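In: Predicted structure and sequence below. I'll ask about it afterward.
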Amino acid sequence: MLDLIAAMRPASAIILAAGVGRRLGELDARPKILLEFGGRSLLARHLGSLGLHGVNEVSITVGYRRELIEAEVARLGWSDRVRFIGNPDYHEGSLVSLSVQEAALRAGRPVLLMDGDVLYDHRILAALIDAPGENILLMDREIEPGDEPVKICFRGEQIVDFRKKPEHAHDRHGESVGFFRFSAGTAGELADRCLSYVSAGQKNVEYEEAIRDLILAEPARFSAVDITSLPWVEIDFPADVARARSDILPQLSAG
């Protein structure tokens, strides 16, 4: 049993950080992953949390002002543990940023996938890594209204949809945190789905659509961990930055 758990434990992570972050307006011209909270960038917090939980190989998709991200990684002393994968089409949908991570997805071992623009308690990462099951999503039941949040939808205990605007009937839903754990096999299948979209010229698709395809094909292979009690926020708008600093940051556990 211990060998099985160890085999499912990811040793590497993919972080998506290529976008421009237009919705922040003129608040900050740097990549969102370099926004600072409590004197530490989101990137520093990601790497610190990953290292704390034994994940020491990181592949970051970069595009917009990548040199700033590379400089921050060097400043943090992680240059020997981080690979940078360029996405020249970073103005397109996030699926392209995931598709360029084909090598990491096909490495033959479990992997974490993480949005770069999230401020979160490190215990959320622990919940993701330690959860039983093959493929894990993270869900917050306290979902904001509207079409912006990506929704994990359930019928009973089975995930039946995964979209901002769900199509399938469900009896409850929560918001996706934007962090995932995939088995080696599922990660390879995800690479296939991403490349299928790109080959078809559908570069404007968000990466969640490729994950949704896999969930709908084999829902029994996916499960979600409820992290509603833990603080986190995705940084999309200036109001998110304000909330992160006034509300989320004071709640974060040391680590």
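Out: Received it, and whenever you're ready, just let me know what you need.

In: contacts, neighbours, all on C-alpha from now
Out: OK.

In: any weak-confidence spans in this protein?
Out: In the predicted model, the chain carries pLDDT under 70 at residues 1-8, 25-28, 255.

In: List the contacts of the closest residue to residue 186 other than its chain neighbours.
Out: Excluding the flanking residues, the one nearest residue 186 by C-alpha to C-alpha, 6 or more residues apart in numbering is residue 135, at 7.6 Å. Residue 135 sits next to 180-183, 186, 221-223 when contact means C-alpha atoms under 8 Å, 6 or more residues apart in numbering.

In: Identify each buried residue in the helix or strand hosting residue 113, please.
Out: Using DSSP states H and E, the element containing residue 113 is strand 111-115. In terms of neighbour count (16 or more other C-alpha atoms under 10 Å), strand 111-115 has its buried residues at 111-115.

In: could you dump the residues you listed to TSV with distance to residue 165?
Out: Output for the buried residues of strand 111-115, formatted as TSV (distance: C-alpha to C-alpha, whole Å):
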residue	distance to residue 165
111	27
112	25
113	22
114	21
115	20
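
In: quick one: residue 220 and residue 158 touch, right?
Out: Yes: between residue 220 and residue 158 there is a contact at 7.2 Å, judged by C-alpha atoms under 8 Å.

In: List buried residues within the contacts of residue 135.
Out: 180-183, 186, 221-223.

In: Sort out for me which of these are in strands.
Out: 180-182, 222-223 (DSSP state E).

In: Now tabulate those residues in CSV and tack on distance to residue 44.
Out: Below are those laid out as CSV (distance: C-alpha to C-alpha, whole Å):
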residue, distance to residue 44
180, 19
181, 21
182, 23
222, 30
223, 29
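
In: Closest one of the residues you listed to residue 95?
Out: Distance to residue 95, by C-alpha to C-alpha, is smallest for residue 180 among these, at 14.6 Å.

In: which parts of the strand or helix carrying residue 129 are buried?
Out: Residue 129 belongs to helix 122-130 when elements are defined using DSSP H and E. For helix 122-130, the neighbour count (16+ other C-alpha under 10 Å) marks 122-125, 128-130 as buried.

In: Same check on stretch 222-238?
Out: Under the neighbour-count criterion of 16+ other C-alpha under 10 Å, stretch 222-238 has 222-224, 226-228, 230-236 buried.

In: In TSV: the residues you listed, plus secondary structure and distance to residue 141.
Out: Formatted as TSV, the buried residues of stretch 222-238 follow (DSSP: H, G, I helix; E, B strand; the rest coil; distance: C-alpha to C-alpha, whole Å):
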residue	secondary structure	distance to residue 141
222	strand	18
223	strand	15
224	strand	11
226	strand	7
227	coil	8
228	coil	6
230	coil	11
231	coil	12
232	strand	12
233	strand	13
234	strand	15
235	coil	18
236	coil	19
